[in-house]
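Peer 1: I need the structure of the sequence given here:
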Amino acid sequence: MSSTFKAATFEDIEALRASVTGACEAAADIESAAAAMTQQLFRASTSCVLARLFLVLPLKRLPFGERTWVDIAAKALGRTSDLTPTTPVLSLLGTAGSEYSWNDRTYSVGHRAIPLIDDSVVQSAPMIAAALSAFNVGVGPTNSGEIALRIAAGGLNARFLVTNARTTVDQEGRFVIAARDFVEKQDIQTVFGMGGSYVGGELAIAIVFTREQMSESDVDRYTSLISTFKMGTSSLLSKDRIYAAPKPLPSRR
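Peer 2: Sure, this is the predicted structure:
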């Protein structure tokens, strides 16, 4: 592939798509496929600092270890009692970046499993709020009164774009990319993403942080990669093969 996202040709992007397809076909679970896709996105451009892939899943579909992180996040929010089996959780499945710790999702603390308890929690995180809004997704009550992810019509596939990470603010005047130290230290110029829902309503979101300035037309060339990922992992999702099996502890001698 060419040296940057902007300079990539049609053939470059199709080769990237083929790589994502191959990684999904070879993966035993969505976590493995997500790790491979984020590595491919990171390597696709010399300007890429960090690429991450999340799934939004109901709490009941997370394994015990991930639920522990949800409990920690909910406790920090003072909302532990509001968790239900249907609470949507933004779960980090894949990550790749220029720092060692960014290449293993288990090293993440603040972004590993974020409970989207209600709209007030979503709105308290500017980037999450902006991304879900871009994907036409909301968090609200179901007919039973429980909180769940709600995907509006037309929200099946979309892009997320913060053209200027240094200056873009939301309607409340907050920086959309709130991690200012990260933005400055890594010289982040643009943050873009792609999101799409599976048939069952689960949401896949890929977010890329890059040092190059990108426009809507630049990003639109990559948005369909999320469809490639969804198609390649839909059978894994239907079999509930989402997370990699825990690694066995070394035997004692």
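
Peer 1: where does the closest residue to residue 103 other than its chain neighbours land on pLDDT?
Peer 2: What sits nearest to residue 103 in space, not counting adjacent residues and going by CB to CB, 6 or more residues apart in numbering, is residue 96, at 5.5 Å. Where C-beta positions appear, they are placed from N, C-alpha and C, glycine not excepted. Per-residue confidence at residue 96 stands at 98 (pLDDT).

Peer 1: so which strand or helix has residue 96?
Peer 2: Following DSSP states H and E, one finds residue 96 within strand 88-97.

Peer 1: Identify each buried residue in the next helix or strand after that strand, please.
Peer 2: Past strand 88-97, heading to the C-terminal end, the next element that is a helix or strand (DSSP H and E) is strand 113-115. The neighbour-count criterion (16 or more other CB atoms under 10 Å) identifies 113-115 as the buried residues of strand 113-115.

Peer 1: how about stretch 204-218: buried residues?
Peer 2: Neighbour-count burial for stretch 204-218, with 16+ other CB under 10 Å as criterion, is recorded at 204-212, 214, 218.

Peer 1: What of stretch 105-121?
Peer 2: 105, 111-118, 121.

Peer 1: And the residue nearest the centre of the protein?
Peer 2: For the chain, the residue whose C-alpha lies nearest the mean C-alpha position (CA atoms, centre = their mean) is residue 54; its distance is 2.9 Å.

Peer 1: Helix or strand: which one has that one?
Peer 2: Here residue 54 sits within strand 48-58, counting by DSSP H and E.

Peer 1: just checking, what packs against that strand?
Peer 2: For strand 48-58, the elements it packs on are helix 30-43, strand 88-97, strand 147-151, strand 203-210, judged by 3 or more CB pairs under 8 Å, 6 or more residues apart in numbering; DSSP states H and E.

Peer 1: could you dump it to PDB, C-alpha only?
Peer 2: Coordinates of the C-alpha atoms in strand 48-58 are reproduced here as PDB (Å, rounded to 0.1, in the frame of the first residue of the first chain):
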ATOM      1  CA  CYS A  48      -1.300   6.100  11.600                       C
ATOM      2  CA  VAL A  49      -0.600   6.400  15.300                       C
ATOM      3  CA  LEU A  50      -3.400   4.100  16.700                       C
ATOM      4  CA  ALA A  51      -6.200   1.900  15.300                       C
ATOM      5  CA  ARG A  52      -8.800   0.300  17.400                       C
ATOM      6  CA  LEU A  53     -11.900  -1.800  16.900                       C
ATOM      7  CA  PHE A  54     -14.800  -2.100  19.300                       C
ATOM      8  CA  LEU A  55     -18.000  -4.100  19.400                       C
ATOM      9  CA  VAL A  56     -21.100  -2.800  21.200                       C
ATOM     10  CA  LEU A  57     -22.600  -5.800  22.900                       C
ATOM     11  CA  PRO A  58     -25.200  -6.400  25.700                       C
END
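
Peer 1: May I have the phi/psi pair for residue 137?
Peer 2: Its backbone dihedrals place residue 137 at phi -120, psi 140, with angles given as degrees, to the nearest 10.

Peer 1: Okay, buried residues for the strand holding residue 96 please.
Peer 2: By neighbour count, and taking 16+ other CB under 10 Å as the criterion, the buried residues in strand 88-97 are 88-97.

Peer 1: Using CSV, please lay out these together with distance to residue 174.
Peer 2: What follows is the buried residues of strand 88-97, written out as CSV (distance: CB to CB, whole Å):
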residue, distance to residue 174
88, 22
89, 23
90, 18
91, 24
92, 22
93, 27
94, 27
95, 24
96, 27
97, 24
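
Peer 1: From these, pick the one nearest residue 43.
Peer 2: Proximity to residue 43 was ranked across these by CB to CB; first place goes to residue 96, at 7.9 Å.
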